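**Q** dropping a prediction and its sequence here:
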Amino acid sequence: DTEVTQTPKHLVMGMTNKKSLKCEQHMGHRAMYWYKQKAKKPPELMFVYSYEKLSINESVPSRFSPECPNSSLLNLHLHALQPEDSALYLCASSKSLADSSYNEQFFGPGTRLTVL
Amino acid sequence: AQTVTQSQPEMSVQEAETVTLSCTYDTSESDYYLFWYKQPPSRQMILVIRQEAYKQQNATENRFSVNFQKAAKSFSLKISDSQLGDAAMYFCAYRASQGGSEKLVFGKGTKLTVNP
């Protein structure tokens, strides 16, 4: 199973809502990633988890709150978002640097988020 | 910090012809990985090909090959016998290490159109 799944596929939320994005993989990967991708732009890294611990936060606003409850799951909690946060949110997973020197990142299909 | 530059925002190729996408990067590291990822419209990002810097031999995956020029910090992708299914955004990426984890630094992408 080389699949990364993301739910929901689409999400529309108001600026006062609280919602969560979910990502799951069963490849035994211990590194998981959140990226934000605006239209016609490359993915921008937001967070990296390694062995369920946050290892990289690319200065993301606190209205985005990541969580890695176990080695297979990655959540992104959203609160008080702005319209400019509308984007495709991609999750990826890979082996950890501690486990392997070469680690291909496998990407999920993304959640398309619209903030009204 | 590492940077990745793709100087061709858009490219087009006739079906069955060959096209080359350009990528240059900047790094002070001596060993690193480079990748080409493909993102078809409304579909998920997949790895096309990878190259490890210490390997002098250019990587090849079926119709896809790279021209890796380490001294020039150049990493171009050649697609032979182009097919309609090759139409996509192509991102060149550099694997960077940070805080014991790794992250991908992407170029801005090249949109490839394949004409029948």
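**A** On my side now, so go ahead. What you see is a predicted model, and the numbers here were worked out from it, not measured in a lab.
**Q** mind checking how far residue B:51 is from residue A:22?
**A** Using CB to CB, to the nearest Å, residue B:51 is found at 33 Å from residue A:22. (C-beta placed from N, C-alpha, C; glycine too.)
**Q** hmm, I typed the wrong one, I wanted residue A:58.
**A** For residue A:58 relative to residue A:22 (CB to CB), the value is 21 Å.
**Q** not counting its neighbours along the chain, what's nearest residue B:95?
**A** Among residues not flanking residue B:95 along the chain, residue B:33 sits closest, at 4.2 Å (CB to CB, 6 or more residues apart in numbering or on different chains).
**Q** residues near the one you found, how many?
**A** 18 (other CB atoms under 10 Å in any protein chain shown).
**Q** what's opposite it in the beta bridge?
**A** Per DSSP bridges, the residues bridged to residue B:33 are residue B:52.
**Q** surely it is in contact with residue B:51?
**A** Yes. Residue B:33 is in contact with residue B:51 according to CB atoms under 8 Å; the separation is 7.1 Å.
**Q** and the residue nearest the centre of the chain?
**A** Chain wasn't specified; assuming chain A. residue A:34 (2.7 Å; CA atoms, centre = their mean).
**Q** actually, chain B is the one I wanted.
**A** Short answer for chain B (CA atoms, centre = their mean): residue B:36, at 3.0 Å.
**Q** OK, contacts around it?
**A** The contact partners of residue B:36, taken as CB atoms under 8 Å, 6 or more residues apart in numbering or on different chains, are B:21, B:23, B:47-50, B:64, B:66, B:75, B:77, B:90-93.
**Q** and the nearest residue to residue A:51 once chain neighbours are set aside, how far is that from residue A:76?
**A** Sequence neighbours aside, residue A:30 is the residue nearest to residue A:51 in space, at 5.1 Å (criterion: CB to CB, 6+ apart). Residue A:30 sits 18 Å away from residue A:76, going by CB to CB.
**Q** show me where chain B has its strands.
**A** B:3-5, B:10-14, B:19-21, B:24-26, B:33-39, B:46-52, B:60-61, B:64-69, B:74-79, B:88-98, B:101-106, B:110-115 (DSSP state E).
**Q** which residues of chain A lie near chain B?
**A** Taking CB under 8 Å from any CB of the partner chain as the contact definition, chain A meets chain B at A:31, A:33, A:40-43, A:45, A:48, A:50, A:55-56, A:90, A:92, A:94, A:96-98, A:102-105, A:107-110.
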